[in-house]
Structure formats: structure tokens, C-alpha cells
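Student: Sharing a model prediction with you, sequence too.
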Amino acid sequence: MAKLSLFGLSRLFSSADSGYEHISSSDAAAIMASGKNHIVVDVRQASEFANGHIPGAVNLPNESIGTTEPALLSDKAQLILVHCLSGARSRQAARKLAAMGYINVKDFGGLNTWRGRIVRG
């Protein structure tokens, strides 16, 4: 039987309790490359998004996410990969989406750890 550290155990319960999961940017890149049905949601401001974003990502600023389901996210079961610049806004957005009933939300932090391609414009 595998042992789980206290840190690992606390992360497991905090993710389960919050309704979303935190994953690494490399795990997110693997999901994107796998062809699984997913949507990449960049929760930075529109001007930040225009300065550079992950190819295929949609922009949904964290501040625009309230208690009403965003029109861009009509399927609550779809795999949603959320990120921002450093991870703070993506964590907030992931929590809000989970609270609205989205069941497959993965927060992969910020572009500051992203090693993949970035497009401008």
C-alpha cells in the first residue's frame, strides 16, 4: 500500500473539497496534446490576453465570472483548463466555476510556468 505524505493528503482533500483540481502546466500541456475534448480558459484581462496567450485559448477575465454561467462554458461536464499569469486569478476562477456546478475544472496556474507555444494578438 502506498504511503501518502501529510502534504499530499492535505492537497488531495483541499482539491476534493473545493470542486476543482490543481495540475501542473506540463500535465495541462499533455491534456492539450492528447486530443481530449477540452477548453483552455485564460482568465487574465483582455489586454494581457492580446499580448500573448496559449493557442486556442478563450479569454474569460476572472472579474467577469460571477454567479451566472458564462456563455462560453455551456457544458458543465466539459474539461476546463484554467490559467492566468501567476496562478492567483486562475485559482479564484476555478473555485467560482466549481461553485456554479462545473465538475471537470483543472487549474494549471500561470503562464509564468508555461513552456509551450504562445501566440500574440
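Tutor: Alright, I've got the coordinates. Keep in mind the model is a prediction, meaning the values are calculated, not measured.

Student: Count the neighbours of residue 70 for me.
Tutor: Residues contacting residue 70 under the criterion other C-beta atoms under 10 Å number 17. For glycine as for every other residue, the C-beta is placed from the backbone atoms N, C-alpha and C.

Student: actually residue 115, not the one I typed
Tutor: The local packing of residue 115 (other C-beta under 10 Å) involves 7 other residues.

Student: what residues are up against it?
Tutor: 25-26, 29 (C-beta atoms under 8 Å, 6 or more residues apart in numbering).

Student: how about 7 Å then?
Tutor: residue 25 (C-beta atoms under 7 Å, 6 or more residues apart in numbering).

Student: Could you pull out the helices in the protein for me?
Tutor: 6-18, 25-34, 46-51, 88-99 (DSSP state H).

Student: what's in contact with the second one?
Tutor: Among residues not part of helix 25-34, those counted as contacts by C-beta under 7 Å, 6+ apart are 38, 40, 81, 106, 108-109, 113-116.

Student: buried residues in it?
Tutor: Buried residues in helix 25-34, counting neighbours by 16 or more other C-beta atoms under 10 Å, are found at 25, 28-29, 31-32.

Student: In terms of distance to residue 75, which of the residues you listed ranks first?
Tutor: Nearest to residue 75 among the buried residues of helix 25-34, counting by C-beta to C-beta, is residue 31 at 16.2 Å.

Student: what pLDDT does that closest one get?
Tutor: Residue 31 carries a pLDDT value of 97.
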